[in-house]
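Peer 1: Got a predicted structure here, sequence first:
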Amino acid sequence: MHDTVWFEIQGIPSVSIASSVFGQAAETQRKALGMEGARYVLVPHPIQDATDDEMRAKARDAFDQIIGALRDA
């Protein structure tokens, strides 16, 4: 979420992407930073031990959500 905040402060629309288990943490952090409008997309957990092919599939599955969040910027 920190990179998203930096980009947003610069006026560059951005979207954070995180594992689904960090949804509450992302929500808490954006509120704590005063960035309630910061956008994020959650992808299915786990990520750490996912293979390259599994990560590509997660990225493909999240693509429309990411583009949609940027359009809402």
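Peer 2: Received the coordinates, thanks.
Peer 1: The protein: strands as residue ranges?
Peer 2: Along the chain, counting by DSSP state E, strands occupy 15-19, 39-43.
Peer 1: could I get the ones you listed as CSV with mean neighbour count and distance to D72?
Peer 2: (Each C-beta comes from the backbone N, C-alpha and C, glycine too.) Output for the strands of the chain, formatted as CSV (neighbours: other C-beta atoms under 10 Å; distance: least, C-beta to C-beta, whole Å):
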stretch, mean neighbour count, distance to D72
strand 15-19, 18, 9
strand 39-43, 19, 7
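Peer 1: mind checking which of those strands is nearest E8?
Peer 2: Set against E8 and scored by C-beta to C-beta, the strands of the chain come closest in strand 39-43, at 9.0 Å.
Peer 1: neighbouring strands for the closest one, and are they parallel or not?
Peer 2: Strand pairing for strand 39-43, determined by DSSP bridges: strand 15-19 (parallel).
Peer 1: Which of the strands of the chain sits closest to K58?
Peer 2: The closest of those to K58 is strand 39-43. By C-beta to C-beta, the value is 4.5 Å.
Peer 1: chain center to stretch 11-24: distance?
Peer 2: 2 Å (C-alpha atoms, centre = their mean, to the nearest Å).
Peer 1: Show residues contacting that stretch.
Peer 2: Contact with stretch 11-24 is made by 1, 3-4, 7-8, 25-26, 38-47, 62, 66, 69-70, 73, as judged by C-beta atoms under 8 Å, 6 or more residues apart in numbering.
Peer 1: from those residues, which would you call buried?
Peer 2: 1, 4, 8, 26, 38-43, 47, 62, 66, 69 (16 or more other C-beta atoms under 10 Å).
Peer 1: May I ask which helix or strand of this protein has the lowest mean pLDDT?
Peer 2: None of the helices or strands of the chain scores lower by mean pLDDT, DSSP states H and E than helix 2-9, at a mean of 78.
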